[in-house]
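Participant: I need the structure of the sequence given here:
(chains A, B and C)
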Amino acid sequence: MISRRIIPLFLLRGNRLVKGTNFKDFVDVGDPISQAMIYDAQGADEIIVVDVESSAKGKIINTEIINGMINKCRLPIGAGGGIKNIEDAKECFNAGADKIVINTYAVLRTALIRELADEFGSQSVVVSIDIKKNKKGNYEIYVFSGKQKVDIDIYSYIAKVIECGAGEILITSIDKEGTLLGFDYELYAKLREIIPVPMIASGGAGCYDDMVELFKETDSDACAIGKMLFLRDYDIVRIKSYLRGRKVSVREA
Amino acid sequence: MKIGIVNYSIGNVGSVYSAFKFYKYDTLLIDKPTALADVNIIVLAGVGNFPTAISRLKALNLWDAINEEVLNKKKPVLGICLGMQLFADISYENGENKGFGWIKGKVVRMDSESVRVPHIGWDEVKSSDDKLFKGMRYNCFYFMHSYHFVLEDKDANIATTYYGNLKICSAVRKDNIVGVQFHPEKSQGDGLRFLKNTVEAML
Amino acid sequence: MGDDRENLTKGNASAEGNLNTNLEIGLERCVKCTLPITWETIYFDDDGVCNICKNWNTKQNVINWEGREKQLLAIFNEVKNRKNSYDCIVPFSGGKDSTFTLWAIVRKYGLKPLVVSFDHGFYRPKTVENRTRTFRKLGVDVITFTPNWQVVKKLMLEALIRKGDFCWHCHAGVFAYPMQIAVKFEIPLLIWGEGGGEYEAYFKYEDIEETDEWKFNRRIIMGMRAEDMAGFIGVELRELQTFIYPAKEELERVGIKSIPLGNFIPWDVKKHVEIIKKELGWMEDEIESGFPGKTYEKIECMFTGVRDYIKYLKRGFARITHLTTLDIKHGRMSRDEAMGLIRKYEGRKPKSLAVILEYLEINEEEFNEIVLRHLIPPAKPINPKTLLEGNKLWDQDLWFRENK
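Facilitator: Just a heads-up that it's a prediction; the model follows:
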């Protein structure tokens, strides 16, 4: 049976990885290629690397870094950051990415998803959505790394994304990310009902039981984790051992 | 002994290349028909979709040349993911297109009513082929596909993966032809072992 | 002291002995060996038995040790026949494991080693004595490398902040430096001590484990390599040269094989200690976090006590648990006896904390704040102010002090 995936989420800024809280106050957490080697050796299930500045700068993620990671890491790698058309995606695939991750430009021009899915196959297209709760308790979508709110209903956006052929959907809770206080389980449980493709939960993982709860209560297919790995004393081997003990189906690290 | 990787897409096949280089195999990338004659094993790899793969191979004049080498000269061939699907008679991805037809069967979309499509992640492979799957530590490999190969030629099916209530053909083998639906170059230790076993079995 | 304790554990069931919040609330422990759920890589089966016990079982019953020793002898014969300047490198600290390994290499297997020792800066006086005596009795060539202390201090603080563990330079240096020497001197064999499955499940006994870069990246360097650290502490990579694992191409050029002795012979610590005491006059010492009296465990490093204290604050268990686990596994103690000892002796604040705080240039409040941030649930937070203090080690006043 298919395993739940534990995915280190690399946020790239310049040529170093960073980590923050609620998309702010970033600190350096290492060299992307070095970290890719580490998580490969630790038995992560794949790695996702996104550049947090690209979309705002009108560029795409540094493909040399993608290439450097691929050469040193025998795991699937998804790459994103400022991808807005087929040419941008081609550059990433040429550098060796297995999947591309689109966020801001999928919101600004949703037809992009269909274009990429048709050209490269749905399985290679991950649509990433950053969400924040407003004062009324409703979820809102943000683009440009959490800087700009968009006035689109999240449920209809997701429906459209799926219709356009997205292979996977990565949902990041801006409120939870970097807090180490646990995932937004309610959000993922709700979205699970309308997302028929693999769903990756992101934001808030702080301890082993957070992941146990995520998989058991929300049926997410994967989780993307950051601070817990980079700035706390956890590693993939320990995480997977704990999850196994709690009967979560994970691939051996 | 030379291994030739045919890239039927615009994606990078660097991972496949480096996987073979891990064992120090003499490996090269093939982009013209004359290069095929020099290699002992042909590997079909790349990202993309069925019709694009075919038109690219035809544009490079490789389609007929590969067919000639594999079918008539019996040269060993390994197809990875979409590469394996190219072995089929026909695929229904983005239209209806004919494959090489080396192994009878069709490539169809997985039914999203019964399982989550695409099938993405690490999944178990149950195989009857002890040579190709020799020495595996976990028998768990990385899959990334929306379409799967439904075989008519059931004898060619040498490995199965149970995904929900779907029985996916995860590997085929017939004479000099081997194909896998998963990505051995992305499946860490067991993936590398698989590639080594395949090279040794095919020579 | 007693009052504080009661406040901390008010509302909890038992009140006997030295209360431990995590014990009373029921930090899940293996039914056989008492290792708790917060032990790295542990998990329990449906009967409550941990995977480390199972791994141990494999070691006792499934591994063909005769076959393994034959493999080892074949490897040794091969290097001996090369008749190089050195047959192998033995990475060495002076603790019981590396001392036994060196003794075995020289006296039992008859190889000529180059001893390579990484000086983390914290060898205690008795260990220094043990080392000198061992080297002279066995008659070996030794290289000891001491890294830049100013850099080490930065590395320690950075590792403590990021991972709640200040030992990065030691782990990285101990593993990378001997490999570098092996490449430089073209010595194709390195012999380490115990195998990986002994205390954790990062590696299994069925794997013929090679101590190579995979292990280095997976486990040794705590998720941070020199390339990462250089950026963190703001130095050029060359300042951290010692902590870089040699490139695969270089290792292959020399044809280096790096293996733990413990994967080829069953590791019996008590037996090994007896041997090195008898043959080399190796001496035990007291540590801060163990039982009263002398021991053979982890006596070489000044900061064993602080390490164990941090572990206690993070994970709710420490050295006593570790020691009693081994005794249970070897059939020398019952689980009940173990729990009794844990209740009585575990969780004291070490006097040596003052020294490490001086090295790190932080105060105790800052230290507590950093460490408590690294709590590993389901362990519960412990208030350091409620803990008893241990006794000062006999040699603490001899240690290097910045402010003298």
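
Participant: residue contacts, the residue in the stretch 101-250 of chain A that chain B sits nearest to?
Facilitator: Checking the stretch 101-250 of chain A residue by residue against chain B with C-beta to the nearest C-beta singles out residue A:123 as nearest, at 3.9 Å. Any C-beta I mention is one placed from the backbone N, CA and C, and that applies to glycine too. Contacts for residue A:123 were tallied using C-beta atoms under 8 Å, 6 or more residues apart in numbering or on different chains; they are A:99, A:167-168, B:118-120, B:144-146.

Participant: State whether it is indeed within a helix.
Facilitator: Yes: assessed with DSSP: H, G, I helix; E, B strand; the rest coil, residue A:123 lies in a helix.

Participant: For the residue nearest to it when sequence neighbours are not counted, which residues are in contact?
Facilitator: Ranked by C-beta to C-beta, 6 or more residues apart in numbering or on different chains and with sequence neighbours excluded, the top spatial neighbour of residue A:123 is residue B:118, at 3.9 Å. With contact taken as C-beta under 8 Å, 6+ apart, residue B:118 is in contact with A:121-123, A:167-168, A:197-198, B:110, B:144-146.

Participant: Equivalent analysis for residue A:16, please.
Facilitator: Here residue A:16 is in contact with A:28-32, C:231 (C-beta under 8 Å, 6+ apart).

Participant: got the residues of the stretch 201-350 of chain C near chain A?
Facilitator: Residues of the stretch 201-350 of chain C that fall close to chain A, judged by C-beta under 8 Å from any C-beta of the partner chain: C:201-202, C:213-219, C:221-225, C:227-228, C:231-232, C:314.

Participant: Check the stretch 1-150 of chain C too.
Facilitator: Within the stretch 1-150 of chain C, the positions adjacent to chain A are C:37, C:40-44, C:51 by C-beta under 8 Å from any C-beta.

Participant: Just give me the neighbour total for residue 153.
Facilitator: You didn't say which chain, so I picked chain A. 13 (other C-beta atoms under 10 Å in any protein chain shown).

Participant: right idea, wrong chain: chain C
Facilitator: 18.

Participant: try residue A:100
Facilitator: The local packing count at residue A:100 equals 25, with neighbours defined by other C-beta under 10 Å.

Participant: got it, and the one 4 residues further on?
Facilitator: By other C-beta under 10 Å, 24 other residues sit near residue A:104.

Participant: can you pull the pLDDT of it?
Facilitator: Reported pLDDT at residue A:104 in the predicted model: 96.

Participant: so how far is residue A:199 from it?
Facilitator: For residue A:104, the distance to residue A:199 under the criterion C-beta to C-beta, to the nearest Å works out to 20 Å.

Participant: Buried residues, the longest helix seen in chain B. List them.
Facilitator: Here the longest helix in chain B is taken by residue count, with DSSP state H as the criterion, and it is helix B:188-202. Residues of helix B:188-202 classed as buried: B:188, B:190-199, B:202 (neighbour count, 16 or more other C-beta atoms under 10 Å in any protein chain shown).

Participant: One more: stretch C:74-86?
Facilitator: Within stretch C:74-86, judged by 16+ other C-beta under 10 Å, the buried ones are C:75-76, C:79, C:86.
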